[in-house]
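Asker: Predicted model, plus sequence, below.
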Amino acid sequence: MALKVIPNYSPNFNSKKRTSKQIKFIIFHYTGMKNESDALSRLTDIQSEVSCHYLIKNNGVIVKIVPDLYIAWHAGKSSWKNYKSLNQNSIGIEITNPGHEHDYKKFKKKQIISLLKLTKLLIKKYKINPKNILGHSDIAVQRKKDPGEKFPWEHLSKNKIGIWHRLNKQVLTKNRKLKTNKEEVNFFFNNLLKIGYSKKNRKDINKAIYLRKLAKTFQRRFRQELVDGKIDQECLLISKNLIKAYN
């Protein structure tokens, strides 16, 4: 499948090349800036010290920022399962979107079409497991919200990109807002740890605050209709359903 990609290279990457076998993850981001041209400038500005491998513009055009075999600076401090600092093992894809701080918008159809094409090529090229397709917030719970609850994870999973639960929507809706007890809440967070999320929180952050952020992160990914940080029976059901897929 031929894919048109426009180069606009960034100086922000590690000079040492990695092998193709080291690439195990794809991480999706939104740019989180009001202006698309400003986002591109930042990704290619040496002083910003941030970059990615690809940027998908509003019109669906794909811009190559850093070649695949170089480590781009997109994930920052991050963790998933036994992996730390996921820059080393991932390809980062930024998608133009103002994000939560600037009137967060639905992703454009042209962007998603390009994202599907690009991601499918990368999955095939680097033999990436569907469970290793993640959002920035998945690997940086304390810091990030992107790509957020408007990102079409369910649609992508139908195209064999990423993981989604296999639960009946009517069953889920019936369980929404139904209370959980303390034991069930603990079971939910243990499920998240098994899926791959980190339960480790910084010493300067209250544990309850961190767990609420973790719950919201999970909801932005898997229960996008309601992101409230409250663990109800719907969230518990989804977490149970995902365990097999991620292990």
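Answerer: Received the coordinates, thanks. Numbers count the residues shown, from 1 in each chain.

Asker: where do the helices sit along the chain?
Answerer: Ranges of helices in the chain, per DSSP state H, are 36-43, 109-126, 136-139, 153-158, 169-175, 182-195, 207-222, 233-246.

Asker: Would you reformat those as CSV and include mean pLDDT?
Answerer: Rendered in CSV, the data for these read as follows (pLDDT from 0 to 100):
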stretch, mean pLDDT
helix 36-43, 98
helix 109-126, 98
helix 136-139, 98
helix 153-158, 98
helix 169-175, 96
helix 182-195, 97
helix 207-222, 95
helix 233-246, 95
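
Asker: Give me whichever of the ones you listed is most buried.
Answerer: helix 136-139 (a mean of 25; mean count of other C-beta atoms under 10 Å). C-betas here are computed from N, CA, C, even on glycine.

Asker: what sits up against that helix?
Answerer: Contacting residues not belonging to helix 136-139 are listed as 27-29, 74-75, 78-80, 86, 144-148, 196-197, 217, 220-221 [C-beta atoms under 8 Å, 6 or more residues apart in numbering].

Asker: Mind doing that once more with 10 Å?
Answerer: The contact list for helix 136-139, computed with C-beta atoms under 10 Å, 6 or more residues apart in numbering, reads 25, 27-30, 32, 74-81, 83-86, 90, 92, 94, 143-149, 151, 195-198, 213-214, 216-218, 220-221.

Asker: Just the buried residues from the residues you listed, in PyMOL please.
Answerer: The PyMOL command for the buried members of these (criterion: 16 or more other C-beta atoms under 10 Å) is given here:
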select buried, resi 25+27+28+29+30+32+74+75+78+79+80+81+83+86+90+92+94+144+145+146+147+148+149+151+195+196+197+198+213+214+216+217+218+220+221
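
Asker: quick revisit: and the helices of the chain: which comes nearest residue 50?
Answerer: Closest of the helices of the chain to residue 50 is helix 36-43, at 6.4 Å (criterion: C-beta to C-beta).

Asker: Can you spell out which helices and strands pack onto the closest one?
Answerer: strand 54-56, strand 90-95 (3 or more C-beta pairs under 10 Å, 6 or more residues apart in numbering; DSSP states H and E).

Asker: could those strands be laid out in TSV, adding distance to residue 114 and mean pLDDT?
Answerer: Shown next, in TSV, are those (distance: least, C-beta to C-beta, whole Å; pLDDT from 0 to 100):
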stretch	distance to residue 114	mean pLDDT
strand 54-56	5	98
strand 90-95	9	98
